[in-house]
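Student: here's my sequence, what's the structure:
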Amino acid sequence: MNLLSWNCRGAASKSFPARLRDVLKGKQANLVILVETRVSGVKADRIMKKLGFNNWIRVEATGYAGGIWLLWNDDEVNIHYESSTTQLLHVRVSMVNSNHSFWLSCIYAEPSCQLRTALWHDLTHISRSMSEPWLVIGDFNAYLSNADKKGSDHLNVTSMRQFNDCIQQTHLIEVDCVGDRFTWERDILKERIDWAFTNDLWLQRYPLTKVHHLCKFGSDHRPLFIRNSPDRWERQHTPAFRCQAAWFLEEDFINVVDQCWKEGSWNEKIALFTHEAREWNKRRVGNIPAKKNSLMKRIEEVDKKRRRRDNQYLAQTEKELWKEYNKALAQEELLWFQKSRCNWLKWGDKNSKFFHSSAIIHRRRNRVEGLKNSRGDWIFDQQELKRMAQDYYQKLFQSSLTGAPSLHTRHSFPLLSDGDYLLLSAEVSDTEIKAQLST
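Tutor: Model prediction:
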């Protein structure tokens, strides 16, 4: 699913259809959101028929201000209208070629801080009943922090506070951007006032979602473009080995450690443990969510058998399965707790959903989507990105010196005594380790 949102600053000009086609060129957008169109009625119908889509919904402009247009093709998506105000168009989107659906809120916020409070209230109300993936995108006419404004020291603190309060109350998550941070520009003043937000259910389905800030096309706002990547993370290499905290809930894991740590050098022990732990994990732990689902099915089967003909064996089997299921639950929470790298919440407080979202956000922000080349152009092609990274490090470690530099020291370095040398090279004893752990 590809989506474009743009504050076009008016759609009445004769050149607008051609300008929009240039913006959409090569994007294969399934949904297009246009805000601040400043056109309504019959004139709006006439313009929308020229934009290359066979269906649309719109919130009419108020005089020469506002307006929200949503355009799509029926052979790609189905749209179910839910509600609208002058600042918000809320719909349910279903993809024709898949069973995926989500909620979409198209935003054009009032320039007045006081009038925007109605929008914050509406979004908060919608969030309370949201149980599916949700995308909120458009022109919010507000920034979240002082980093979102450049060219002026004046900050609208009230607007920032209200906007931040709304995002916290709705539990929305900012979509990371690619390209220039600022989406609006006038003279020397730049601001980021066009945003995309999602809920955690959206991130679970589309973890690689990013919003691209495109070049300005006859408007002082940058178009926002979202191209949803596959539902799973693409692995380009073998993942690094990590000792999972969830393994320690298995009683036989300590045996794996003991067997690997008996003989050999430090490096040999590490290599052996890495290999054996991987193999043990495949046999003993495996995919924890899948393991948990399998246990639930087995519990349901045993429960059906007990309803037909109960006996001591089935009762004991059900008891053992519930024990395994509770352990799998604890392992799942530990897994996401460790991946989230969150140290301010306590493990064991049933925060698996929060840990899962934190891990997805952390992983998404670490992913390199684009790089600027030496001319200042953004590059997104994966092969070109690999070549740029390789060239960068090759040049970084090349020496520009024609000869080896000579080192001049005024005094010779002091030598270690035999006693100091023996002390430093001695093996660390168990007593020393215990003493340090107990301090």
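Student: poorly predicted segments of the protein, please.
Tutor: Low-confidence segments of the chain, defined by pLDDT under 70, are located at 229-239, 336-367, 369, 399-413, 439.
Student: where along it do the helices fall?
Tutor: Assigned by DSSP state H, the helices in the chain fall at 16-24, 41-48, 113-128, 157-170, 200-205, 253-260, 266-280, 288-308, 312-340, 352-366, 382-396, 418-425, 430-438.
Student: in a markdown table, list the ones you listed along with distance to N141 and mean neighbour count.
Tutor: For every residue, glycine as well, the C-beta is placed using N, CA and C. Supplementary listing: these in a markdown table, determined by distance: least, CB to CB, whole Å; neighbours: other CB atoms under 10 Å:
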| stretch | distance to N141 | mean neighbour count |
| --- | --- | --- |
| helix 16-24 | 21 | 16 |
| helix 41-48 | 22 | 14 |
| helix 113-128 | 7 | 16 |
| helix 157-170 | 8 | 16 |
| helix 200-205 | 23 | 18 |
| helix 253-260 | 55 | 14 |
| helix 266-280 | 52 | 14 |
| helix 288-308 | 41 | 13 |
| helix 312-340 | 33 | 16 |
| helix 352-366 | 25 | 17 |
| helix 382-396 | 34 | 11 |
| helix 418-425 | 65 | 9 |
| helix 430-438 | 56 | 9 |
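Student: and these: which comes nearest E191?
Tutor: helix 157-170 (11.0 Å; CB to CB).
Student: who are the packing partners of the closest one?
Tutor: On a contact count with 3 or more CB pairs under 8 Å, 6 or more residues apart in numbering; DSSP states H and E, helix 157-170 meets helix 113-128.
Student: CA-only coordinates of the helix it packs on in PDB, if you can.
Tutor: This file holds the C-alpha atoms of helix 113-128, laid out as PDB (Å, rounded to 0.1, in the frame of the first residue of the first chain):
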ATOM      1  CA  CYS A 113      -4.300  27.100  18.400                       C
ATOM      2  CA  GLN A 114      -7.600  27.500  20.100                       C
ATOM      3  CA  LEU A 115      -9.600  26.000  17.200                       C
ATOM      4  CA  ARG A 116      -7.200  23.000  17.100                       C
ATOM      5  CA  THR A 117      -8.400  21.800  20.500                       C
ATOM      6  CA  ALA A 118     -11.500  20.300  18.800                       C
ATOM      7  CA  LEU A 119      -9.200  18.200  16.600                       C
ATOM      8  CA  TRP A 120      -7.200  16.900  19.600                       C
ATOM      9  CA  HIS A 121     -10.500  16.000  21.300                       C
ATOM     10  CA  ASP A 122     -11.800  14.100  18.200                       C
ATOM     11  CA  LEU A 123      -8.600  12.100  17.900                       C
ATOM     12  CA  THR A 124      -8.600  11.200  21.600                       C
ATOM     13  CA  HIS A 125     -12.200  10.000  21.200                       C
ATOM     14  CA  ILE A 126     -11.400   7.900  18.200                       C
ATOM     15  CA  SER A 127      -8.400   6.300  19.900                       C
ATOM     16  CA  ARG A 128     -10.500   4.900  22.800                       C
END
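Student: name the residues that touch it?
Tutor: With contacts defined as CB atoms under 8 Å, 6 or more residues apart in numbering, helix 113-128 is touched by 85, 87-88, 90, 103, 105, 107, 109-110, 134, 136, 141-142, 156, 158-159, 162-163, 165-166, 169-172, 199.
Student: how big is the angle separating that helix from helix 157-170?
Tutor: Helix 113-128 runs at 10 degrees relative to helix 157-170, counting by axes from the mean of the first three to the mean of the last three CA atoms, to 10 degrees.
Student: report the contact partners of the nearest residue to V368 once chain neighbours are set aside.
Tutor: Nearest in space to V368, with sequence neighbours left out and distances taken as CB to CB, 6 or more residues apart in numbering, is L385 at 6.7 Å. Contacts for L385 (CB under 8 Å, 6+ apart) come out as V368, G370, L371, I379.
Student: what's the burial count for the first one?
Tutor: I take that to be V368. 10 (other CB atoms under 10 Å).
Student: contact partners for S159?
Tutor: S159 touches C113, R116, A142, Y143, counting by CB under 8 Å, 6+ apart.
Student: make a markdown table from those and add distance to Q312 to it.
Tutor: Shown next, in a markdown table, are the contacts of S159 (distance: CB to CB, whole Å):
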| residue | distance to Q312 |
| --- | --- |
| C113 | 70 |
| R116 | 66 |
| A142 | 66 |
| Y143 | 67 |
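Student: rewinding a little: and the contacts of L385, which is closest to Q28?
Tutor: Checking the contacts of L385 against Q28 by CB to CB gives G370 as the nearest, at 18.5 Å.
Student: roughly how far does the closest one sit from E191?
Tutor: Using CB to CB, to the nearest Å, one obtains 22 Å as the distance from G370 to E191.
Student: K49 too?
Tutor: From K49 to E191 the distance is 34 Å (CB to CB).
Student: what's the answer for P111, then?
Tutor: 12 Å.
Student: higher neighbour count, these two?
Tutor: Taking other CB under 10 Å, P111 and E191 do not tie; E191 has more neighbours (19 against 13).
Student: my read is that that one contacts D148, right?
Tutor: Yes: here E191 reaches D148: they are 6.2 Å apart, a contact under CB atoms under 8 Å.
Student: overlap of the contact sets of those two?
Tutor: F182.
Student: spit out the contact partners of M388.
Tutor: L371, N373, I379.
Student: now, among those, which is nearest to N54?
Tutor: Using CB to CB, the contacts of M388 come closest to N54 at I379, 34.9 Å.
Student: burial of the residue nearest to R58 when sequence neighbours are not counted, as a residue count?
Tutor: Leaving aside its chain neighbours, R58 sits nearest to W69 (4.6 Å; criterion: CB to CB, 6+ apart). W69 has 28 neighbours, counted by other CB under 10 Å.
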